[in-house]
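> need a structure here:
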Amino acid sequence: MRAVIQRVSQAEVQAGDETVGSIAKGLLVLLGVRHDDTLEDVRYIASKLVNLRIFEDAQGKMNRDVCDQQGAILAVSQFTLYADCRKGRRPSFTQAAPPALARDLYDAFVTEVGQLGVPVAQGCFGAHMTVSLVNDGPVTIILESREKNG
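Residues are numbered from 1 along each chain as shown. Modelled structure (predicted):
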């Protein structure tokens, strides 16, 4: 599982003319699910995300997590995070999970984050979406469940 995390002062997702998810201060998470990911990957990424200390404290150090900031998370499923562009000109998506598995694990991720005490807004799985954000910092972090180390 791969997550691209951006610290934001606000973010919004639209599908068509409808706003399907929005947050004020918090984290925009673009979530890619790999074909062999499991609930263990979901739990790892959700826990790591919620506890990442990437918000500044009073001294200006990244010492606070999204809960400390009373922030929220906007989760957007994005299979293109598993694009393989090493050959040719068209990306291959063979490492991305098939839609049914991706949806189940995306939904599990949203549930897990909510159970960890963070409000979660979502995009619209499988739809063409427009994502708007105001990046705060900017701070952008990539998490990989395959690279976990303890």
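> From now on I want contacts and neighbour counts done on CA atoms only, so please keep to that.
Will do.
> Okay, buried residues for stretch 40-54 please.
Neighbour-count burial for stretch 40-54 flags 41-46, 49-50, 53-54 (criterion: 16 or more other Cα atoms under 10 Å).
> Tell me which residues are up against that stretch.
1, 3, 7, 62-67, 105, 108-109, 112-113, 116, 118, 139, 143-146 (Cα atoms under 8 Å, 6 or more residues apart in numbering).
> Among the residues you listed, name the buried ones.
The buried subset of these (16+ other Cα under 10 Å) comprises 1, 3, 7, 64-67, 105, 108-109, 112-113, 118, 143, 145.
> so what does the longest helix seen in the chain touch, helix or strand wise?
In the chain, with assignment by DSSP state H, the single longest helix is helix 99-115. Identification of packing neighbours for helix 99-115 by 3 or more Cα pairs under 8 Å, 6 or more residues apart in numbering; DSSP states H and E yields helix 39-51, strand 120-122.
> Name the residues that touch that helix?
31, 33-35, 38-39, 42-43, 46-47, 50, 75, 77, 119-120, 122, 125-126.
> element containing the most centrally placed residue in the chain, please.
Taking Cα atoms, centre = their mean, the centroid of the chain lies closest to V29, which sits 2.2 Å from it. Under the criterion of DSSP states H and E, V29 resides in strand 26-32.
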